[in-house]
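Colleague: Provided below for reference: sequence and predicted model.
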Amino acid sequence: MTEVSTRVNLALLGIRVDVPVQRRSGAGPSDDGHVLFGGAGAAIPVRNDSPYTLSGNRLLLDGADLGMTVEPVRRPQFYDLRTAEGVPYEQIAKLHGSDVLATTVVQTCIRYGEDQRCRFCAIEASLATDSTIAVKRPDQLAEVAAAAVRLDGVRQLVLTTGTSAGKDRGARHLARCVRAVKDVVPQLPIQVQCEPPGDLARLTELRDAGADSIGIHVESLDDRVRARWMPGKSAVPLSEYRAAWREAVRVFGRNQVSTYLLVGLGEDPDELVAGATELIEMGVYPFVVPFRPLAGTLAVDVDGAVAPPAQLLEDVTQRVAAELRRAGMLGSAQKAGCAACGACSALHSAGG
């Protein structure tokens, strides 16, 4: 079994192991334990029914040693700290992979009503379990980021947000947060993530605040799929996304702009790859990840949806990775963000 096939299977089937760094329910399509797969960060579902296990740091499939190393990421030291107000740092930001700090700066979304919600999203579920706080203040993020860099060698920061009711859709608060972090750790690369802001000048404001890259996540380029899976978000037309991507590439540069594309929502795979190729031609990195049903989402609680077949995910991943290589756009060349981290996708293993 190749490294890419194994990485794809792990993304879908998970691993039966206890790991100290996990992410449970959140804004994105992941619910994972964090490990190093062959030395690279990987976010793998922790599942008791998985055929994959670890012996030492060796990966086993049904008890057979695959000759690959998987090492659980160690619990970071900054998790032991609290703010002066008593808020645990872990509720403000979390470690992703081995060296990425990430947080949702506003843990609520105007689209979270059942008739509007993205069906794979659980952004507000973590509030119900007290594992985070609703709004992260810029000064809190700066404090946590400085500690994570100092104590745990964090090398990049990802700031995403639920969509606000304002025309900026959350971009202004992101800019305030970026500015505060850069004031205390100016060397830390930061990616921001938001919907296309109503005024595209906000993209320049984010860059001027110190953001190094940006994710404007569409999840699908098929309007039928968007209406089915993202009823609220699909009200933002694809033309608005394309305008935002073009402006973001102008402001941040080629291969410093990315978007999620989810495999397994029912989109035709050839059309998905064609859409990814269009994005690459624009200078936008298509971060291809599998749809995975998350507990607490409508996909599970209402639809009973399932993850895509491994063959489909590997095929799309390999084809998109080939297009990225042809264009000279590697995730590792991004300054910060999901594509730079790569933990939630098999693209890095496939050479993208």
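Modeller: Good, I have the coordinates.
Colleague: C-alpha only now, for contacts and for neighbours.
Modeller: Fine.
Colleague: report the mean per-residue pLDDT for stretch 271-287.
Modeller: Across stretch 271-287, the average pLDDT comes to 98.
Colleague: quick one: strands adjacent to the biggest strand by length in the chain?
Modeller: Ranked by number of residues, the top strand in the chain under DSSP state E is strand 64-72. With DSSP bridges as the test, strand 64-72 is paired with strand 32-37 (antiparallel), strand 58-61 (antiparallel).
Colleague: for this structure, what spans make up the strands?
Modeller: Taking DSSP E to define them, one finds strands in the chain at 22-23, 32-37, 40-44, 52-55, 58-61, 64-72, 94-96, 100-104, 156-160, 190-193, 213-215, 257-263, 284-290.
Colleague: out of the ones you listed, which one sits most buried?
Modeller: When the strands of the chain are scored by mean count of other Cα atoms under 10 Å, the highest mean neighbour count falls to strand 213-215 (a mean of 30).
Colleague: coming back round to it: between the longest strand of the chain and strand 40-44, how many degrees?
Modeller: Per axes from the mean of the first three to the mean of the last three Cα atoms, to 10 degrees, the angle that strand 64-72 makes with strand 40-44 is 100 degrees.
Colleague: show me the contact partners of strand 64-72.
Modeller: 19-21, 34-39, 54, 57-60 (Cα atoms under 8 Å, 6 or more residues apart in numbering).
Colleague: wouldn't residue 205 be in contact with residue 176 here?
Modeller: No: with contacts counted by Cα atoms under 8 Å, residue 205 stays clear of residue 176, the gap being 9.8 Å.
Colleague: between the strands paired with strand 64-72, which one is nearest to residue 148?
Modeller: For the strands paired with strand 64-72, distance to residue 148 was read as Cα to Cα. The smallest value, 16.5 Å, belongs to strand 32-37.
Colleague: work out the gap between that closest one and the centre of the chain.
Modeller: Centre-to-centre, strand 32-37 and its host chain are 14 Å apart (Cα atoms, centre = their mean, to the nearest Å).
Colleague: take the strands paired with strand 64-72 and lay them out in a markdown table including mean pLDDT and distance to residue 193.
Modeller: Output for these, formatted as a markdown table (pLDDT from 0 to 100; distance: least, Cα to Cα, whole Å):
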| stretch | mean pLDDT | distance to residue 193 |
| --- | --- | --- |
| strand 32-37 | 87 | 20 |
| strand 58-61 | 95 | 33 |
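Colleague: of these, which is nearest residue 133?
Modeller: Minimum separation from residue 133 across those (Cα to Cα) falls at strand 32-37, 19.9 Å.
Colleague: show me the shaky parts of the protein.
Modeller: Applying pLDDT under 70 to the chain flags residues 1, 23-31, 301-302.
Colleague: residue boundaries of the helices in it?
Modeller: When secondary structure is read from DSSP state H, the chain shows helices at 3-13, 125-128, 138-152, 171-184, 201-209, 223-229, 238-252, 269-282, 298, 310-327, 338-341.
Colleague: show me what the fifth one is in contact with.
Modeller: For helix 201-209, the surrounding residues in contact (Cα under 8 Å, 6+ apart) are 168, 171-172, 174-176, 178-179, 192, 197, 213, 247-248, 251-252.
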